[in-house]
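1. Take a look and give me a structure for this.
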Amino acid sequence: MIKGFSLMEMVVSLTIIVGILSVLIANVGESAQVHKKVISNQQKMEAIFHTVDMIRSDLTKCGMRLQEASRFFSFPLFDFTDYSFKVVYGLQSENLLAEAPAGTNIILANKNEYFQKKKKIIIYDPYREYYETNEIASVKGNQLTLLQTLKNPYSNQAVAVVVKEVEYKLYPAQNTLKRKINQGYFQPIIEEVTDFNITFYPDVFSVLYRIEVNHKQQIRGYIFLSQLGNY
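-> Residues are numbered from 1 along each chain as shown. The predicted model follows:
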């Protein structure tokens, strides 16, 4: 005859099993929290380094393809406050193929992939010493139709430059650093930013920036604005 478990033995066994399960569930819950925290920290660090890469790239390009124009005109290529900065640089440039009189909205320039609809351009004439900004309305071969008519006449020595304006700004109420391109909207690039500071040293054309995230992680960088050396 096989002897079964007594009631007391079953209670003791169930108590032990419940105790083991409780420990296992607690460990699983703690492991899940640790894993979640590790993933969150990893994503935060990736966001920080991605932001730093963008800042370094834009600052390094500041003034690119606009060095000649900056020697003749006073339009700003770099502007900043304590919590924001703005850079301007050229993506591509072409000399005009023919004179363009004031009042026209058509210019001729060699075709390239950067001359596209809605792109912002700067047209300047180093010999007549004036410039203006405009926007491409359409492109057909070497013909660029502009959104606005020209205010000044330009010779075939004039240059059309497709430009990019990039602005970074800290929104303290949201603890968010945002970035805007040309006339677009500010888009968030990193959150939990508790401080963002920019210091410009005009004597040596350099920028010191600092990003603080959640009062803990701090990233500092020093960039020489090499494209502004002759500005």
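2. pLDDT below threshold where in this structure?
-> 1-15, 17-41, 229-231 (pLDDT under 70).
3. For it, which segments count as helices?
-> With DSSP state H as the criterion, the chain has helices at 7-61, 67-72.
4. Can you list the helices and strands that the shortest one packs against?
-> Translated: helix 67-72. Counting by 3 or more C-beta pairs under 8 Å, 6 or more residues apart in numbering; DSSP states H and E, the packing neighbours recorded for helix 67-72 are strand 120-125, strand 159-171. For the C-beta atoms, the positions are set from N, CA and C on the backbone; glycine is no exception.
5. now the end-to-end length of stretch 109-125.
-> Taking C-alpha to C-alpha, to the nearest Å, stretch 109-125 runs 14 Å from one end to the other.
6. ok, now stretch 119-132?
-> Terminal-residue distance, stretch 119-132 (C-alpha to C-alpha): 14 Å.
7. Next, the buried residues of that stretch.
-> Residues of stretch 119-132 classed as buried: Lys119, Lys120, Ile121, Ile122, Ile123, Tyr124, Asp125, Pro126, Tyr130, Tyr131, Glu132 (neighbour count, 16 or more other C-beta atoms under 10 Å).
8. Tell me the one of those residues nearest Arg71?
-> The closest of these to Arg71 turns out to be Pro126 (C-beta to C-beta; 8.1 Å).
9. who touches that closest one in this structure?
-> Glu68, Ala69, Phe72, Gln157, Val159 (C-beta atoms under 8 Å, 6 or more residues apart in numbering).
10. Over to Gln43?
-> Contacts of Gln43 (C-beta under 8 Å, 6+ apart): none.
11. before we move on, what about Ser155?
-> Leu96, Glu99, Asp125, Tyr127, Arg128.
12. and the gap between the residue lying closest to Tyr222 once chain neighbours are set aside and Tyr131?
-> Computed as C-beta to C-beta, 6 or more residues apart in numbering, the closest residue to Tyr222 that is not its neighbour in sequence is Leu208, at 5.2 Å. Plainly put, Leu208 is 31 Å away from Tyr131 if you go by C-beta to C-beta, to the nearest Å.
13. Same list, the contacts of Pro126, but as TSV with distance to Leu150 please.
-> Below are the contacts of Pro126 laid out as TSV (distance: C-beta to C-beta, whole Å):
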residue	distance to Leu150
Glu68	20
Ala69	16
Phe72	18
Gln157	15
Val159	14
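14. quick one: which of the residues you listed is nearest Glu212?
-> Ala69 (36.1 Å).
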